[in-house]
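**Student:** my questions are about this predicted structure, shown below with the sequence.
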Amino acid sequence: MGPNRTGSESHAEFRAANPACIGSPAPDPSSAEAAGGPSAPRPDLFDKCRGFTRAKEAQAAGLYPYFIPISGSEGTEVRIEGERKIMLGSNNYLGLTHDPRVLDAAEGAARTYGSGCTGSRFLNGTLDLHEKLERELAEYVGKEAALVFSTGFQTNLGIIATLAGRDDAVILDKLDHACIIDGAILSQANVYRFNHNDVAHLENVMQRVERELPRAGKLVVVDGIFSMEGDIADLPRIIPVVRKYGARILVDEAHSVGVMGPGGSGVHEHFGLSDDCDLLMGTFSKSFASIGGFAASTENTIHYLKHHARSLIFSASMPPYAVATVREALRIARAEPERRDRLWANQRRLKDGLEALGFNLGTTTTPVVPVIVGETQKTFVFWKTLFEMGVFTNPVIPPAVPEHTSRIRTSLMATHTGELIDEALEIFQRAGKKVGLI
Ligand SMILES: Cc1ncc(COP(=O)(O)O)c(C=O)c1O
């Protein structure tokens with residue numbers, strides 16, 4: 001913990017918190033090669049590639065769970081190598097990726113505007129569609145203005161690295177998403193972290209920032225729903241601390257937009273704290289069935305981001321079909337709140353079912369439902385057993401989650417039927433028994 005340029009928590013440690021799939025061990029710093037004596041070979045950047053064997057070992061053992069090609073999808077069910085799998089590993093919370101209205105909107109926009117924007121928002125890549133979407137999003141989340149980026153990842157990079165600089169402090173929850181961490185690193189600000197959702201610890205950290213950097217501007221960043229835990233940021237207790245120390249807060253609503261709150265616009269709305277959240281961001285790669293992201297805040301802040309965020313200015317804009325998809329998905333999300341009701345009914349069915357079977361689900365209260373296994377090897381074996389029995393899930397291992405908490409991450413859609421969830425539960429029961437988890 002501490003300022004990242006001088007304190008004990010280095011950039012390398014921050015990078016270690018990124019969810020790499022199967023990382024390579026760091027070179028032994030005491031080795032001759034690392035020491036670089038006269039006879040040491042010249043370092044070659046590609047050495048690490050030749051030395052990276054863990055993924056190949058997992059492939060050879062038949063336990064490699066990544067980059068699995070899906071050859072057909074109906075949303076809740078997919079086909080992989082000719083076999084049907086129940087999809088419990090997608091962030092398609094509202095189940096809109098295959099909605100005919102969404103597909104028609106995508107097709108119509110492609111025909112009117114072409115297949116891509118071939119340039120940055122800043123220059124030739126702004127369509128009237130982008131601006132309409134920005135107005136709709138701002139209204140949806142209750143902010144003065146919004147700005148659309150090409151991915152959620154770029155949105156966080158853009159917001160954090162543009163607003164915070166070398167003299168500032170960025171204060172992160174330890175379980176914040178990788179792109180928040182990368183945004184903080186890119187900003188070159190002093191990075192501090194507090195224990196997950198631990199408001200007393202946040203207060204300690206803020207005191208420390210005041211002591212160490214009395215002139216720093218401060219930005220606290222939290223996930224709304226934490227993507228690997230499925231729990232919710234404790235905004236009612238976090239925000240008073242943010243205010244007490246004159247900081248600003250950014251809430252990442254990637255997993256909560258479309259899902260939380262009476263109108264579905266996120267955790268800020270769920271707690272009735274929209275006005276207290278200085279900045280909101282969300283992605284379109286989950287409930288909104290597409291790709292892209294947005295920032296929302298005051299008119300001034302968005303105007304500033306629009307003219308300074310490098311991940312916006314120096315990258316091509318969201319393609320027309322994607323913007324049209326999001327506009328239609330947003331319209332449906334607002335017009336059909338019963339979708340959210342179905343999502344939450346499905347969440348209860350899966351969560352209650354898994355708990356009744358004896359699985360450990362950690363602290364989840366949302367449609368992200370992790371099954372905590374513990375050790376990584378056992379997690380891969382459990383994942384593979386589920387996969388072979390017909391359920392697609394995502395294994396998550398350190399450093400994406402804390403040591404000894406490797407897990408199977410599942411997530412629900414509004415369009416899962418009760419029968420599908422029951423079928424998945426029956427498979428979890430058989431697989432859990434087979435690997436000795438329950
Ligand atoms: C909390 C959170 N923020 C941001 C992102 C990045 O969004 P995208 O995948 O749309 O780039 C993700 C993606 O998984 C996420 O979970």
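**Tutor:** On my side now, so go ahead.
**Student:** could you check how far the residue in the stretch 301-438 of the chain positioned nearest to the ligand is from Glu355?
**Tutor:** At 9.3 Å from the ligand, Val368 is the closest residue in the stretch 301-438 of the chain, using C-beta to the nearest ligand atom. Every residue, glycine included, has its C-beta placed from N, CA and C. For Val368, the distance to Glu355 equals 15 Å [C-beta to C-beta, to the nearest Å].
**Student:** which of those two has more residues huddled nearby?
**Tutor:** Taking other C-beta atoms under 10 Å, Val368 and Glu355 do not tie; Val368 has more neighbours (23 against 12).
**Student:** need the three-state assignment for the closest residue to that one other than its chain neighbours.
**Tutor:** Nearest non-adjacent residue to Val368, counting by C-beta to C-beta, 6 or more residues apart in numbering: Gly230, 3.4 Å away. With DSSP: H, G, I helix; E, B strand; the rest coil as the basis, Gly230 sits in coil.
**Student:** thought Gly230 was touching Thr366?
**Tutor:** Yes: using C-beta atoms under 8 Å, Gly230 is in contact with Thr366, at 4.8 Å.
**Student:** so which residue of the stretch 151-300 of the chain comes closest to the ligand?
**Tutor:** Taking C-beta to the nearest ligand atom, the stretch 151-300 of the chain has Gly152 as its residue nearest the ligand, at 2.4 Å.
**Student:** spell out the secondary structure type for Ala106.
**Tutor:** Following three-state DSSP, Ala106 is assigned to helix.
**Student:** one more: the one 10 residues further on?
**Tutor:** Gly116 falls in the coil class when you classify it by three-state DSSP.
**Student:** gap between it and the ligand?
**Tutor:** Computed as C-beta to the nearest ligand atom, to the nearest Å, the Gly116 to the ligand distance reads 18 Å.
**Student:** local confidence estimate at Ser39?
**Tutor:** On pLDDT, Ser39 comes in at 79.
**Student:** and stretch 327-337, what's its mean pLDDT?
**Tutor:** Across stretch 327-337, the average pLDDT comes to 98.
**Student:** and the contacts of that stretch?
**Tutor:** Residues from elsewhere that reach stretch 327-337, judged by C-beta atoms under 8 Å, 6 or more residues apart in numbering: 94, 96, 99, 101-102, 104-106, 129, 132-133, 136-137, 140, 258, 263-264, 284, 287-290, 339-340.
**Student:** in that stretch, what's buried?
**Tutor:** Neighbour-count burial for stretch 327-337, counted by 16 or more other C-beta atoms under 10 Å, picks out 327-330, 332-333, 336.
**Student:** show me where the stretch 151-300 of the chain has helices.
**Tutor:** 152-163, 178-187, 199-212, 235-244, 267-270, 299-308 (DSSP state H, counting those that start in this stretch).
**Student:** redo those helices as TSV? Include mean pLDDT and mean neighbour count.
**Tutor:** Below are those laid out as TSV (pLDDT from 0 to 100; neighbours: other C-beta atoms under 10 Å):
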stretch	mean pLDDT	mean neighbour count
helix 152-163	98	25
helix 178-187	98	23
helix 199-212	98	17
helix 235-244	98	17
helix 267-270	98	24
helix 299-308	98	16
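**Student:** one step back: what's near enough to touch the residue of the stretch 301-438 of the chain closest to the ligand?
**Tutor:** When contacts are counted by C-beta under 8 Å, 6+ apart, Val368 touches 225-230, 255, 409-411.
**Student:** distance of it relative to Ser73?
**Tutor:** Distance, Val368 to Ser73, using C-beta to C-beta: 20 Å.
**Student:** which bits of the stretch 151-300 of the chain sit near the ligand?
**Tutor:** 151-153, 156, 177, 179, 223, 227, 252, 254-255, 283, 285, 293 (C-beta under 6 Å from any ligand atom).
**Student:** out of those residues, which end up buried?
**Tutor:** Buried subset of these (neighbour count, 16+ other C-beta under 10 Å): 151-153, 156, 177, 179, 223, 227, 252, 254-255, 283, 285, 293.
**Student:** return the item of these having minimum pLDDT.
**Tutor:** Ranking those by pLDDT puts Ser227 at the bottom, with 94.
**Student:** what's near enough to touch the residue lying closest to that residue once chain neighbours are set aside?
**Tutor:** Leaving aside its chain neighbours, Ser227 sits nearest to His255 (5.5 Å; criterion: C-beta to C-beta, 6+ apart). By C-beta under 8 Å, 6+ apart, His255 lies in contact with 91, 93, 223-227, 286, 366, 368.
**Student:** quick one on the thing from earlier: among the residues of the stretch 151-300 of the chain next to the ligand, which pair sits farthest apart?
**Tutor:** Thr151 and Asp223 (16.3 Å; C-beta to C-beta).
**Student:** just to revisit the earlier point, got the helices of the stretch 151-300 of the chain as a markdown table, with distance to Phe314 columns?
**Tutor:** What follows is the helices of the stretch 151-300 of the chain, written out as a markdown table (distance: least, C-beta to C-beta, whole Å):
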| stretch | distance to Phe314 |
| --- | --- |
| helix 152-163 | 10 |
| helix 178-187 | 13 |
| helix 199-212 | 31 |
| helix 235-244 | 31 |
| helix 267-270 | 29 |
| helix 299-308 | 11 |
